[in-house]
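>>> generate a structure from the sequence data that follows.
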Amino acid sequence: FCSSDLAIAALIGSALRLQKVAPRVAQQCECFWLYNPLAINVSSRGNAESLVAFFVIASLERLLRSHVLASAACLGFAAHLKPYAIIYVPAYLAAMDGSLRGAGGSPLERCGRACRFITIFATTYFSLALACFAWCGEVYAQQALMYHVTRADIRHNFSAHFYPLYLAADGSTKQNLLARLAFAPQVLLLLLSAVILGKELPVCMFVQTYIFVTFNKVCTAQYFVWYQVLLPLVLPASLTMERWRQATALVVTWTLALATWLSAAYCIEFQGQVYFLQLWLASLLFFGANVGMLVMVLMWYKALCANKQAEFCFKD
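As a prediction, the model looks like this:
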């Protein structure tokens, strides 16, 4: 897993150079990932998030090189390891519609390119799924696929959904309904972000991942790796804006919200106190901090487009 982190850094540098980022800036962004304490902790404790992140970044880097089939295969492998990677498919299709190098051509050619991408992605994903099903049977189908749909985790976590699910933890239809309704804002926001930001793929992927993690019904610290691995691909454009005070204020707010949640969780886990309501309020505070961070990122890129300081443009 630590080796995957090293490979990710190389892919980040390659992707940034393909976007005409200065070599020195690209190197700094590589170091941002390599010395990320969260990524180091998650990988060194034996968690596979870095392996999933490797295939996601490899897929993006291949697509920036216009290697559509290799990109689709990498994304299919990533989705097999962690189904959340499927959320990128609409953004990839939007990017292949004209924003990438070599993505022009007639409508028929663009349609053919999209069909080839979907075919290879689906073939890779379902081939791996069928192989695992043949090996493990119904256990694989339930624990690797259906589990993510029906999951209702009542253990405390960063998600704002945990407390309502905890209160409904009696196996009733109410709990199942709440677990399914949690997908509604995710799906809506993911589709909207693909339509609005799909022409700038790295930005769109970062925003979509941030949305998915923030609005997910379950959220643990390792999920933060999903969007942090994409952050180095967004940083170069952000650094062209004189927004350091705003960025610092956002990071401080996010950190304080996280610390508030951790202090409440400490009272539950180590002191045995009944702090679930306080923890839920801390989860709401953390949710608000994440939404504020997301809104500010979108405002920065809108300003970048308006000022013509970068190529990151919103679709009209």
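>>> name the nearest residue to Gln273, ignoring sequence neighbours.
Once flanking residues are discounted, Gln273 sits nearest to Cys267: 4.4 Å by C-beta to C-beta, 6 or more residues apart in numbering. Quick note: C-beta positions are derived from backbone N, CA and C, even for glycine.
>>> for the one you found, give me its contacts.
Cys267 makes contact with Gln273, Tyr275, Gln278, according to C-beta atoms under 8 Å, 6 or more residues apart in numbering.
>>> ranking the residues you listed by neighbours, who comes first?
When neighbours are counted by other C-beta atoms under 10 Å, Tyr275 leads these with 19 neighbours.
>>> so it makes contact with Ile268?
Yes. Taking contacts as C-beta atoms under 8 Å, Tyr275 lies within contact range of Ile268: 5.1 Å.
>>> report the central residue of this protein.
Thr209 (2.4 Å; C-alpha atoms, centre = their mean).
>>> element containing that one, please.
Using DSSP states H and E, Thr209 sits within helix 201-215.
>>> quick one on the thing from earlier: what about the residue nearest to Gln273, distance to Phe287?
20 Å (C-beta to C-beta, to the nearest Å).
>>> check which element follows the one helix or strand Ala39 maps to along the chain.
Using DSSP H and E, Ala39 sits within helix 37-44. Heading C-terminal from helix 37-44, the first helix or strand you meet, by DSSP H and E, is helix 49-64.
>>> average model confidence for that following helix?
For helix 49-64, mean pLDDT rounds to 94.
>>> could I get the buried residue list for that helix?
Neighbour counts over helix 49-64 (16 or more other C-beta atoms under 10 Å) mark 49-64 as buried.
>>> what does stretch 111-129 give?
Arg113, Ala114, Phe117, Ile120, Phe121, Thr124, Tyr125, Ala129.
>>> between those, which is nearest Leu69?
Ranked by distance to Leu69 (C-beta to C-beta), the buried residues of stretch 111-129 are led by Ile120 at 5.1 Å.
>>> what about the closest residue to the closest one other than its chain neighbours, how many neighbours?
For Ile120, ignoring the flanking residues on the chain, the nearest one in space by C-beta to C-beta, 6+ apart is Ala72 at 3.7 Å. Ala72 is flanked by 25 other residues according to other C-beta under 10 Å.
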